[in-house]
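> Next input, structure requested:
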Amino acid sequence: MPSRHLGSPREQLACAFRWMARLDMHEAAANHCSLATSDDGSRFLINPAGYHFAELCASDLLEVDAWGEPDPRLDPTAWSIHGALHRLGHQVGCVLHAHSQYATALACLEQPQLPPLEQAGMRFFERISIDRGFDGMGLEDEGERLAQQLGAADILLMGNHGVIATGVDVATAFDNLYYFERACRYYLTARASGLPLRPVSDAVARKTAAQWQQYLADGFSHDHFAALMRLLDRDGDPFRR
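Residues are numbered from 1 along each chain as shown. Sure, this is the predicted structure:
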(Lines give C-alpha, C1' and ligand atoms only; values in the text may rest on other atoms or scores of the structure.)
Protein backbone atom coordinates (compact mmCIF):
# COMPACT_ATOMS: atom_id res chain seq x y z
CA MET A 1 0.00 0.00 0.00
CA PRO A 2 1.33 3.52 -0.77
CA SER A 3 2.59 5.63 2.13
CA ARG A 4 0.06 7.76 4.01
CA HIS A 5 2.70 10.22 5.29
CA LEU A 6 1.18 13.68 5.10
CA GLY A 7 4.07 15.94 6.09
CA SER A 8 3.87 18.97 8.38
CA PRO A 9 0.61 20.87 9.04
CA ARG A 10 1.92 23.76 6.91
CA GLU A 11 2.66 21.41 4.03
CA GLN A 12 -0.78 19.85 4.30
CA LEU A 13 -2.57 23.20 4.16
CA ALA A 14 -0.37 24.34 1.26
CA CYS A 15 -1.28 21.14 -0.58
CA ALA A 16 -4.98 21.88 -0.07
CA PHE A 17 -4.54 25.35 -1.59
CA ARG A 18 -2.70 23.94 -4.62
CA TRP A 19 -5.37 21.31 -5.28
CA MET A 20 -8.24 23.73 -4.76
CA ALA A 21 -6.64 25.83 -7.51
CA ARG A 22 -6.18 22.81 -9.78
CA LEU A 23 -9.82 21.81 -9.27
CA ASP A 24 -11.09 25.36 -9.96
CA MET A 25 -12.21 25.85 -6.36
CA HIS A 26 -10.62 29.30 -6.13
CA GLU A 27 -11.67 32.84 -6.98
CA ALA A 28 -8.97 35.31 -7.98
CA ALA A 29 -6.87 36.08 -4.89
CA ALA A 30 -9.91 35.74 -2.61
CA ASN A 31 -11.18 32.92 -0.35
CA HIS A 32 -9.28 31.49 2.57
CA CYS A 33 -8.49 28.30 4.45
CA SER A 34 -7.20 27.75 7.97
CA LEU A 35 -5.86 25.06 10.27
CA ALA A 36 -5.78 25.13 14.07
CA THR A 37 -2.31 24.75 15.60
CA SER A 38 -3.23 24.81 19.30
CA ASP A 39 -5.29 22.32 21.30
CA ASP A 40 -7.97 24.90 22.07
CA GLY A 41 -8.18 25.90 18.39
CA SER A 42 -7.41 29.55 19.06
CA ARG A 43 -4.13 29.68 17.12
CA PHE A 44 -4.33 28.85 13.46
CA LEU A 45 -2.56 28.95 10.12
CA ILE A 46 -4.19 30.92 7.30
CA ASN A 47 -3.29 32.38 3.91
CA PRO A 48 -2.23 36.05 3.72
CA ALA A 49 -4.16 38.47 1.53
CA GLY A 50 -3.18 38.94 -2.09
CA TYR A 51 -1.96 35.43 -2.90
CA HIS A 52 -3.50 33.11 -5.49
CA PHE A 53 -4.11 29.61 -4.17
CA ALA A 54 -1.87 28.21 -6.93
CA GLU A 55 1.23 30.04 -5.65
CA LEU A 56 0.94 29.51 -1.89
CA CYS A 57 3.76 27.60 -0.20
CA ALA A 58 4.02 26.29 3.36
CA SER A 59 6.26 29.19 4.42
CA ASP A 60 3.76 31.79 3.15
CA LEU A 61 1.10 30.81 5.67
CA LEU A 62 0.58 33.03 8.70
CA GLU A 63 0.02 31.81 12.24
CA VAL A 64 -2.38 34.07 14.13
CA ASP A 65 -4.34 34.16 17.37
CA ALA A 66 -8.14 34.12 17.12
CA TRP A 67 -8.38 36.13 20.35
CA GLY A 68 -5.84 38.72 19.27
CA GLU A 69 -6.19 41.93 17.31
CA PRO A 70 -7.10 41.67 13.60
CA ASP A 71 -3.95 40.94 11.61
CA PRO A 72 -3.47 43.53 8.83
CA ARG A 73 -1.81 40.92 6.64
CA LEU A 74 -5.12 39.08 6.30
CA ASP A 75 -8.14 39.88 4.18
CA PRO A 76 -10.74 41.36 6.58
CA THR A 77 -13.27 38.67 5.65
CA ALA A 78 -10.70 35.95 6.39
CA TRP A 79 -10.15 37.36 9.86
CA SER A 80 -13.89 37.75 10.51
CA ILE A 81 -14.93 34.27 9.35
CA HIS A 82 -11.99 32.12 10.41
CA GLY A 83 -11.28 34.00 13.62
CA ALA A 84 -14.87 33.41 14.74
CA LEU A 85 -14.90 29.77 13.68
CA HIS A 86 -11.71 29.02 15.59
CA ARG A 87 -12.85 30.96 18.65
CA LEU A 88 -16.28 29.36 18.85
CA GLY A 89 -15.84 25.98 17.15
CA HIS A 90 -13.20 24.21 19.22
CA GLN A 91 -14.08 20.92 17.54
CA VAL A 92 -13.11 22.43 14.18
CA GLY A 93 -9.51 21.76 13.21
CA CYS A 94 -9.50 22.82 9.56
CA VAL A 95 -11.80 25.30 7.78
CA LEU A 96 -11.86 25.48 3.98
CA HIS A 97 -13.91 28.33 2.53
CA ALA A 98 -14.54 28.44 -1.21
CA HIS A 99 -16.89 29.81 -3.85
CA SER A 100 -16.73 26.58 -5.84
CA GLN A 101 -19.04 26.52 -8.83
CA TYR A 102 -21.60 23.87 -7.99
CA ALA A 103 -21.83 24.37 -4.23
CA THR A 104 -22.26 28.11 -4.77
CA ALA A 105 -24.91 27.51 -7.43
CA LEU A 106 -26.81 25.30 -4.99
CA ALA A 107 -26.50 28.00 -2.32
CA CYS A 108 -28.33 30.41 -4.63
CA LEU A 109 -31.48 28.30 -5.03
CA GLU A 110 -34.74 28.97 -3.20
CA GLN A 111 -34.58 25.37 -1.96
CA PRO A 112 -30.84 24.64 -1.52
CA GLN A 113 -31.16 21.20 0.04
CA LEU A 114 -29.06 18.38 -1.40
CA PRO A 115 -31.40 15.39 -1.87
CA PRO A 116 -30.02 11.83 -1.55
CA LEU A 117 -29.71 11.12 -5.27
CA GLU A 118 -26.35 9.32 -5.38
CA GLN A 119 -23.91 7.97 -2.85
CA ALA A 120 -21.52 10.96 -2.79
CA GLY A 121 -24.43 13.14 -1.73
CA MET A 122 -25.69 10.56 0.77
CA ARG A 123 -22.38 10.94 2.60
CA PHE A 124 -23.68 14.34 3.79
CA PHE A 125 -27.26 13.30 4.58
CA GLU A 126 -28.27 15.21 7.73
CA ARG A 127 -24.71 16.56 8.01
CA ILE A 128 -25.20 19.91 6.21
CA SER A 129 -26.07 23.22 7.83
CA ILE A 130 -27.80 25.66 5.46
CA ASP A 131 -27.37 29.36 6.15
CA ARG A 132 -30.29 31.51 4.97
CA GLY A 133 -29.26 34.73 6.68
CA PHE A 134 -26.77 36.29 4.24
CA ASP A 135 -26.27 39.90 5.25
CA GLY A 136 -23.38 41.08 3.11
CA MET A 137 -19.72 40.16 2.86
CA GLY A 138 -18.09 38.36 5.79
CA LEU A 139 -17.31 41.49 7.82
CA GLU A 140 -18.23 42.82 11.26
CA ASP A 141 -20.40 40.21 13.04
CA GLU A 142 -21.04 38.04 9.98
CA GLY A 143 -18.27 35.65 11.05
CA GLU A 144 -19.81 35.18 14.49
CA ARG A 145 -23.18 34.42 12.94
CA LEU A 146 -21.70 31.86 10.56
CA ALA A 147 -19.80 30.17 13.39
CA GLN A 148 -23.02 29.77 15.34
CA GLN A 149 -24.79 28.45 12.24
CA LEU A 150 -22.15 25.77 11.53
CA GLY A 151 -22.72 23.83 14.73
CA ALA A 152 -21.40 20.27 14.42
CA ALA A 153 -22.03 19.97 10.67
CA ASP A 154 -19.31 18.92 8.20
CA ILE A 155 -20.58 21.45 5.64
CA LEU A 156 -21.98 24.95 5.96
CA LEU A 157 -23.75 25.92 2.76
CA MET A 158 -23.56 29.70 2.85
CA GLY A 159 -26.70 31.07 1.22
CA ASN A 160 -25.98 33.51 -1.63
CA HIS A 161 -22.26 33.15 -0.90
CA GLY A 162 -20.41 29.82 -1.09
CA VAL A 163 -19.44 26.90 1.12
CA ILE A 164 -17.38 26.06 4.19
CA ALA A 165 -16.08 22.52 4.70
CA THR A 166 -14.64 21.52 8.04
CA GLY A 167 -12.76 18.59 9.51
CA VAL A 168 -10.53 17.58 12.37
CA ASP A 169 -7.54 17.92 10.03
CA VAL A 170 -6.73 19.09 6.50
CA ALA A 171 -7.25 15.69 4.88
CA THR A 172 -10.73 15.32 6.37
CA ALA A 173 -11.83 18.86 5.52
CA PHE A 174 -10.47 18.61 1.98
CA ASP A 175 -12.19 15.28 1.37
CA ASN A 176 -15.45 16.79 2.64
CA LEU A 177 -15.11 19.75 0.29
CA TYR A 178 -14.13 17.57 -2.67
CA TYR A 179 -17.04 15.16 -2.29
CA PHE A 180 -19.58 17.86 -1.48
CA GLU A 181 -18.68 19.78 -4.63
CA ARG A 182 -19.00 16.58 -6.68
CA ALA A 183 -22.36 15.79 -5.07
CA CYS A 184 -23.64 19.28 -5.93
CA ARG A 185 -22.39 18.81 -9.50
CA TYR A 186 -24.20 15.48 -9.89
CA TYR A 187 -27.42 16.90 -8.45
CA LEU A 188 -27.48 20.08 -10.52
CA THR A 189 -26.56 18.15 -13.69
CA ALA A 190 -29.38 15.68 -13.10
CA ARG A 191 -31.77 18.53 -12.33
CA ALA A 192 -30.74 20.38 -15.51
CA SER A 193 -31.75 17.36 -17.60
CA GLY A 194 -35.38 18.22 -16.92
CA LEU A 195 -36.11 14.53 -16.32
CA PRO A 196 -37.70 13.24 -13.11
CA LEU A 197 -35.29 12.75 -10.22
CA ARG A 198 -35.23 9.53 -8.18
CA PRO A 199 -33.87 10.14 -4.67
CA VAL A 200 -33.64 7.21 -2.29
CA SER A 201 -35.62 6.92 0.94
CA ASP A 202 -34.40 8.54 4.15
CA ALA A 203 -33.72 5.09 5.56
CA VAL A 204 -31.43 4.15 2.67
CA ALA A 205 -29.74 7.58 2.81
CA ARG A 206 -29.02 7.16 6.55
CA LYS A 207 -27.70 3.64 5.96
CA THR A 208 -25.38 4.90 3.23
CA ALA A 209 -24.23 7.85 5.36
CA ALA A 210 -23.35 5.43 8.17
CA GLN A 211 -21.43 3.25 5.71
CA TRP A 212 -19.53 6.34 4.59
CA GLN A 213 -18.57 7.11 8.19
CA GLN A 214 -17.09 3.64 8.61
CA TYR A 215 -15.25 4.01 5.32
CA LEU A 216 -13.81 7.32 6.51
CA ALA A 217 -12.87 5.86 9.89
CA ASP A 218 -10.72 3.35 8.02
CA GLY A 219 -8.60 6.21 6.64
CA PHE A 220 -10.14 6.93 3.23
CA SER A 221 -9.71 10.72 3.49
CA HIS A 222 -6.07 10.39 4.50
CA ASP A 223 -5.34 7.96 1.67
CA HIS A 224 -6.90 10.44 -0.76
CA PHE A 225 -4.88 13.36 0.58
CA ALA A 226 -1.61 11.42 0.73
CA ALA A 227 -2.09 10.60 -2.96
CA LEU A 228 -2.61 14.28 -3.76
CA MET A 229 0.63 15.16 -1.98
CA ARG A 230 2.48 12.47 -3.90
CA LEU A 231 1.13 13.83 -7.18
CA LEU A 232 2.36 17.34 -6.37
CA ASP A 233 5.77 15.96 -5.43
CA ARG A 234 5.89 13.99 -8.69
CA ASP A 235 5.15 17.19 -10.62
CA GLY A 236 7.90 19.10 -8.82
CA ASP A 237 5.42 21.49 -7.22
CA PRO A 238 7.17 23.67 -4.59
CA PHE A 239 4.24 23.71 -2.16
CA ARG A 240 6.42 22.32 0.66
CA ARG A 241 8.85 25.23 0.44
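> For the rest of this, base every contact and every neighbour count on C-alpha atoms.
OK.
> which stretches of this structure form helices?
9-22, 76-88, 101-107, 119-122, 142-150, 170-192, 202-217, 220-234 (DSSP state H).
> What helices and strands are in contact with the fifth one?
Contacting helix 142-150 under the criterion 3 or more Cα pairs under 8 Å, 6 or more residues apart in numbering; DSSP states H and E are the following elements: helix 76-88, strand 128-131.
> can you check the first one too?
In terms of contacts (3+ Cα pairs under 8 Å, 6+ apart), helix 9-22 is packed against strand 32-36, helix 170-192, helix 220-234.
> Identify each buried residue in the last one, please.
For helix 220-234, the neighbour count (16 or more other Cα atoms under 10 Å) marks 220-223, 225-230, 232 as buried.
> Tabulate these (JSON lines), appending distance to N31 and pLDDT.
What follows is these, written out as JSON lines (distance: Cα to Cα, whole Å; pLDDT from 0 to 100):
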{"residue": "F220", "distance to N31": "26", "pLDDT": "96"}
{"residue": "S221", "distance to N31": "23", "pLDDT": "97"}
{"residue": "H222", "distance to N31": "24", "pLDDT": "97"}
{"residue": "D223", "distance to N31": "26", "pLDDT": "97"}
{"residue": "F225", "distance to N31": "21", "pLDDT": "98"}
{"residue": "A226", "distance to N31": "24", "pLDDT": "97"}
{"residue": "A227", "distance to N31": "24", "pLDDT": "97"}
{"residue": "L228", "distance to N31": "21", "pLDDT": "98"}
{"residue": "M229", "distance to N31": "21", "pLDDT": "98"}
{"residue": "R230", "distance to N31": "25", "pLDDT": "97"}
{"residue": "L232", "distance to N31": "21", "pLDDT": "98"}
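> and the helix-or-strand element of the chain with minimal mean pLDDT with helix 76-88, angle?
Every helix and strand in the chain was compared by mean pLDDT, DSSP states H and E; the lowest is helix 142-150, with a mean of 84. Calculated by axes from the mean of the first three to the mean of the last three Cα atoms, to 10 degrees, helix 142-150 forms an angle of 40 degrees with helix 76-88.
> about what we covered before: mind telling me which of the helices of the chain the model trusts least?
The stretch with the lowest mean pLDDT among the helices of the chain is helix 142-150, at a mean of 84.
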